[in-house]
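Engineer: below are the sequence and a predicted model for it; my questions follow.
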Amino acid sequence: MPIFEPKSIHLDRKIKVAAVSYLNTKPLLYGIERSSVMNDIELVLNYPAELAKSLQDGSIDVALLPVAAMQGIKGAHIISDYGIASDGYVASVAIFSQVPMEEIKTVYLDYQSRTSVRLAQLLLKLHWKQDVIFKPAPENYIEYINGTTAGVIIGDRALKQLTNFEYIYDLATGWKAYTGLDFIFAAWVANKELPEEFVAAFNQANAEGLKHIDEVVAENPFPQYDLNTYYTENIKYYLDEDKKKGLAKFQELIKTLGL
């Protein structure tokens, strides 16, 4: 198979960078929005699932992309040392249920993130060994999570639901239990070659944001969950080798299972 040679883009126009507006991205965006790198980019926000389409059709150049979407995008590659990851309990990605796992019959799949949906399907099959019916989640699906019907909820909505359900199965915890590995939910991905000086500056901007967690917490009041805990314990932003091993395993498993 020939190696894809990405096309170079030049700074004769702004580089279009897309992310989601969830709380978990706020530390990274804090650094980017206050960096001189903003002179070279146009920043847009959208649902995680929409970012893959935009990257593929060329309407954006870089996305904080759910990693499950990388395999469907020619030339997709991670450009930064920073992203959204976990080495255990992540708090904001889980299966929520009113009954224990062994009684769940149906699971709504949150339309907002391909990675979380694939992870839930993988863990239900391989780790929890549950044969369930999957349903696409309508806009107000959380209202329908009752009885033997559970649902995958992610992001800020998940944090708000942590006290509302008797059974919550954290997907990063499940992944750790099943594989012993860390997990990357999203990473900064491009499918074309970007100028090295831009990539270096963008990486540094991400790093700078993580030095200002107190300011990020102060700017984003969220009474339902302690954001300091979320940003410093639940979410791991630096994509070290342990995280990348987890990503490789996840990509291998979803390919094997046809997810």
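Structural biologist: That came through, no problem.
Engineer: tell me the SS of A150?
Structural biologist: Put simply, A150 is strand when judged by DSSP: H, G, I helix; E, B strand; the rest coil.
Engineer: gap between it and L122?
Structural biologist: In this view, A150 and L122 are 16 Å apart by CB to CB, to the nearest Å. In short, each C-beta sits where N, CA and C put it, glycine included.
Engineer: okay, the two: which has more neighbours?
Structural biologist: Counted by other CB atoms under 10 Å, A150 and L122 do not tie: A150 has more neighbours, with 29 against 22.
Engineer: grab the nearest non-local neighbour of Y82.
Structural biologist: N206 (3.9 Å; CB to CB, 6 or more residues apart in numbering).
Engineer: quick check: D226 vs N234, distance?
Structural biologist: For D226, the distance to N234 - CB to CB - is 10 Å.
Engineer: just the residues contacting the longest strand along the chain, thanks.
Structural biologist: Secondary structure assigned by DSSP state E gives strand 77-86 as the longest strand of the chain. Applying CB atoms under 8 Å, 6 or more residues apart in numbering, the external contacts of strand 77-86 come out as 6, 24-25, 28, 62, 64, 172, 182-191, 194, 199, 202-203, 206-207, 210, 234-239, 243, 246.
Engineer: give me the phi and psi for the residue nearest to Y82.
Structural biologist: phi -60, psi -50 (degrees, to the nearest 10).
Engineer: tell me which helix or strand comes right after the lowest-mean-pLDDT helix or strand in the chain.
Structural biologist: One helix or strand of the chain scores below all others by mean pLDDT, DSSP states H and E: helix 48-56, with a mean of 84. Note on helix 48-56: by DSSP states H and E, the next helix or strand toward the C-terminus is strand 62-66.
Engineer: which residues does that next one contact?
Structural biologist: So strand 62-66 is in contact with 15-20, 25, 28, 48-49, 51-52, 54-55, 76, 79, 83-84, 113-116, 185-190, 194, 202, going by CB under 8 Å, 6+ apart.
Engineer: surely K74 forms part of a helix?
Structural biologist: No: K74 sits outside any helix when classified using three-state DSSP, being coil.
Engineer: low pLDDT regions in the protein?
Structural biologist: 1-11 (pLDDT under 70).
Engineer: distance between the biggest helix by length in it and the chain's centre?
Structural biologist: Counting residues, the longest helix found in the chain (DSSP state H) is helix 241-256. In terms of CA atoms, centre = their mean, to the nearest Å, the centre of helix 241-256 is set 14 Å apart from its chain centre.
Engineer: for it, list every residue counted as buried.
Structural biologist: Under the neighbour-count criterion of 16 or more other CB atoms under 10 Å, helix 241-256 has 243-244, 246-247, 249-251, 253-254 buried.
Engineer: residues touching that helix, excluding its own?
Structural biologist: By CB under 8 Å, 6+ apart, helix 241-256 touches 67-68, 70-71, 83, 85, 87, 118-119, 122, 126, 175, 179, 181-184, 187, 236, 259.
Engineer: what is the burial count for V20?
Structural biologist: 25.
Engineer: which residues does the nearest residue to it once chain neighbours are set aside contact?
Structural biologist: Excluding its sequence neighbours, the residue lying closest to V20 (CB to CB, 6+ apart) is P48, at 5.3 Å. Counting by CB under 8 Å, 6+ apart, P48 makes contact with 20, 65-66, 112-115, 186.
Engineer: distance of P48 relative to P223?
Structural biologist: According to CB to CB, P48 stands 25 Å off from P223.
Engineer: domains of this structure?
Structural biologist: Split into domains by automatic domain parsing, the chain comes to 15-88+182-256, 93-179.
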